[in-house]
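Visitor: Need coordinates for the below:
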Amino acid sequence: MSNTGYIVKSRTITLALTTLCLVLLLPATATGKTTQDYQPSAGKLDANAGRSKELYVEPDFRFDTFKSMTVDISVVDLNGQPVSGAIALISNIPEDVLDLYDQRLEQKVLIGIVRSDEHGRVYQALELSSSVKRVLLELKIQSENNKVIIELDDTQYISHFFQVE
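Guide: You can find the predicted model right below:
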C-alpha cells in the first residue's frame, strides 16, 4: 500500500478563498438572482385569501399579545392624609361584569399586586394581556370603599382615588 499525499500550495488556497468571497459578496443581480417583491397585487387586496401565501400583512404588523398600562392610584384616609403601605390587588374580571355584587366576580384572575408609597400613591407601569377589558381594584383595607371596577379603554391608563375609613 502506498500513501499518496497531496500538497496544496498556499497560492491555491488563497485563490480559492478569494473566489469564494467574491461569489458570496456579489449583489443578487450579478449572480442572476432577483429579489422577490412582496407587495400585493391590487386585485388580491379586495379578494379573500384562499391560501396563506395569498395573505397580505402590513410591513409594520406585530403580534401584540400584551398592552402596557399605567397604574395611578391614590389612597387617603377620611382626613385627607395619605395612607402609606396600602396593598391593592389588580384582577382581570369577565367583561360583562358591571356590579360589585355580581357572583361572577369570583372568576377574577389576579394580574398584579401594588403598594402605596409614603405619599399614598401608586404610579407604576404594568403589562396586561390584550384580552383584558375590565379590572377590579381591591384595597386590602377594611373599608366600605375598598373595591372598584374599571373598564379599560384605549387610554392605557388605570386611575382611581380611594378615600378609606
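
Visitor: Just list whatever residues bridge to the spatially most central residue of the chain.
Guide: Centrality entry for the chain: nearest residue to the mean C-alpha point is F66, 3.4 Å, by C-alpha atoms, centre = their mean. Note on F66: beta-bridge partners S129, judged by DSSP bridges.

Visitor: Would you mind measuring from it to S131?
Guide: 10 Å (C-beta to C-beta, to the nearest Å). In short, each C-beta sits where N, CA and C put it, glycine included.

Visitor: What of S74?
Guide: 28 Å.

Visitor: Likewise for L89?
Guide: On the measure of C-beta to C-beta, L89 and S131 end up 19 Å apart.

Visitor: more neighbours, these two?
Guide: Ranked by neighbour count (other C-beta atoms under 10 Å), L89 and S131 place L89 first, with 17 against 10.

Visitor: Spit out the contact partners of that one.
Guide: L89 is in contact with 110, 112-113, 136-138, 140, counting by C-beta atoms under 8 Å, 6 or more residues apart in numbering.

Visitor: Which helix or which strand is home to it?
Guide: Per DSSP states H and E: L89 is located in strand 87-92.
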